[in-house]
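[1] Sharing a sequence plus its predicted fold:
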Amino acid sequence: MASIPPSRSAEDVPKSDVQLLQALEEVVEREIDRHLAVFKEWMPHEYVPWSRGRDFDGVLAEGEPWAADQSPLTEVGRVAMVVNLLTEDNLPSYHHEIATLFGRDGAWGTWVHRWTAEEARHSMVMRDYLMASRAVDPVALEQARMAHMSAGFVSDNRHSPLHTVAYVAFQELATRISHRNTGRSSGDPVCDRLLARVALDENLHMIFYRNLLQAALEIAPDQAMRAVADVVTGFRMPGHGMPGFERAAAEIALGGVYNLRVHHDDVLQPVLRHLKILGLSGLGAEGLKAQEELGEFLGSLDGQATRFDERRAAILARREARRQK
């Protein structure tokens with residue numbers, strides 16, 4: 001685990017965003033070296049079932065129009081794949097956000113560009129899969145892409161670099177879980193294998209940012225604890241602004257791909273436990289207040305997740321009963 005030696009005095013603790021970025025630069029450099037050492041190169045084209053592909057209608061006279069019955073995906077798999085891909089498509093906006101905040105020089109800049117290059121593979125391979133396998137309506141997908149990317153993305157976590165580091169530590173894990181569960185629910189082994197590979201990248205990204213957050217908690221514990229509390233209590237996935245997101249999110253939640261229970265158990269809790277957030281000592285008044293707020297929120301969220309689980313079970317039971325009839 002990356003860390004800053006605990007020999008800093010109170011006077012050494014950085015106060016400004018610039019000082020924090022400078023203090024973390026050494027950790028970023030170390031984490032880049034670790035990341036590159038464990039990263040396994042892979043080729044997107046190897047995961048796409050090109051032999052399934054055929055021409056679409058339009059400018060190609062012999063092309064075949066898309067029809068829903070051509071898709072190899074389950075309904076929840078199709079909805080989740082579109083949401084996941086449109087989220088990945090907004091990479092230019094994400095790059096702009098983190099490059100503006102972290103800078104394009106030194107270790108921070110090296111990481112920003114490396115992360116962007118790796119993330120670009122994800123949208124590339126997912127779109128190629130969807131087109132080759134005729135899994136979704138290509139016209140509707142392109143129209144949604146244009147609308148979503150034209151709107152851009154503005155982060156909820158511009159308060160400080162620590163807020164962004166905290167956010168991506170959770171969001172990268174959320175993305176990994178969403179991709180992995182989408183693959184498992186897709187009904188297509190090829191899609192499952194592809195998203196499992198994408199999820200491996202997202203997990204490495206999560207580890208990178210989680211290690212940075214660990215170091216930040218040692219450098220500036222009160223500021224970092226406040227950032228974690230703010231991020232967790234106000235968390236939204238980056239695709240929340242896409243067209244039809246609320247309806248799609250409801251289907252994804254009912255399908256078990258991503259919902260309150262998954263968010264609480266598989267995203268928030270693993271990161272918080274790893275960082276020992278709720279047991280962290282040595283905090284000042286602001287840090288203790290943020291820690292208390294976080295604990296109260298997690299208890300409330302667990303209760304909400306339990307109520308959601310009960311409603312979901314009832315809805316699925318009714319759907320099954322109608323199907324049986």
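    That came through, no problem. Residues are numbered from 1 along each chain as shown.

[2] packing partners for the worst-scoring helix or strand of the chain on mean pLDDT?
    Using mean pLDDT, DSSP states H and E, helix 91-102 stands out as the lowest-scoring helix or strand of the chain, at a mean of 89. Based on contacts counted as 3 or more Cβ pairs under 8 Å, 6 or more residues apart in numbering; DSSP states H and E, the elements that helix 91-102 packs against are helix 106-132, helix 161-185. Every residue, glycine included, has its C-beta placed from N, CA and C.

[3] which of the ones you listed sits most buried?
    For those, the largest average neighbour count (mean count of other Cβ atoms under 10 Å) is found in helix 161-185, namely a mean of 24.

[4] Centre of the chain to it, how far?
    3 Å (Cα atoms, centre = their mean, to the nearest Å).

[5] Packing partners of that helix?
    Looks like helix 161-185 contacts helix 17-38, helix 75-89, helix 91-102, helix 189-219, helix 221-233, helix 269-275 (3+ Cβ pairs under 8 Å, 6+ apart).

[6] Apply 6 Å and report the result again.
    The criterion is 3 or more Cβ pairs under 6 Å, 6 or more residues apart in numbering; DSSP states H and E, and the helices and strands that helix 161-185 contacts are helix 17-38, helix 75-89, helix 189-219, helix 221-233.

[7] For residue 266, which of the ones you listed is the nearest?
    helix 189-219 (11.8 Å; Cβ to Cβ).

[8] can you state the direction angle for the closest one and helix 161-185?
    160 degrees (axes from the mean of the first three to the mean of the last three Cα atoms, to 10 degrees).

[9] TSV for the helices and strands packed on helix 91-102, including mean pLDDT and distance to residue 292?
    TSV is the format used below for the helices and strands packed on helix 91-102 (pLDDT from 0 to 100; distance: least, Cβ to Cβ, whole Å):
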stretch	mean pLDDT	distance to residue 292
helix 106-132	96	32
helix 161-185	96	17
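
[10] Now the helix ranked longest in the chain: buried residues?
    Criterion DSSP state H: the longest helix present in the chain is helix 285-324. Within helix 285-324, the residues that count as buried by 16 or more other Cβ atoms under 10 Å are 287, 290-291, 293-294, 298, 301, 305, 308, 312.

[11] pLDDT weak spots in the chain?
    Where the chain drops to pLDDT under 70, the residues are 1-15.

[12] 50 instead?
    1-14 (pLDDT under 50).

[13] Show me the residue at the heart of it, geometrically.
    In the chain, the residue lying closest to the centroid (Cα atoms, centre = their mean) is residue 175, at 2.9 Å.

[14] contacting residues for that residue?
    Residues near residue 175 by Cβ atoms under 6 Å, 6 or more residues apart in numbering: residue 202.

[15] same thing but 10 Å
    With contact set as Cβ atoms under 10 Å, 6 or more residues apart in numbering, residue 175 has these partners: 84, 87-88, 119, 122, 168, 198-199, 201-203, 205-206, 237-239, 258, 267.

[16] ditto for residue 129
    So residue 129 contacts 44, 47-50, 52, 81, 85, 135, 188, 190-191, 194-195 (Cβ under 10 Å, 6+ apart).

[17] No more questions from me, cheers.
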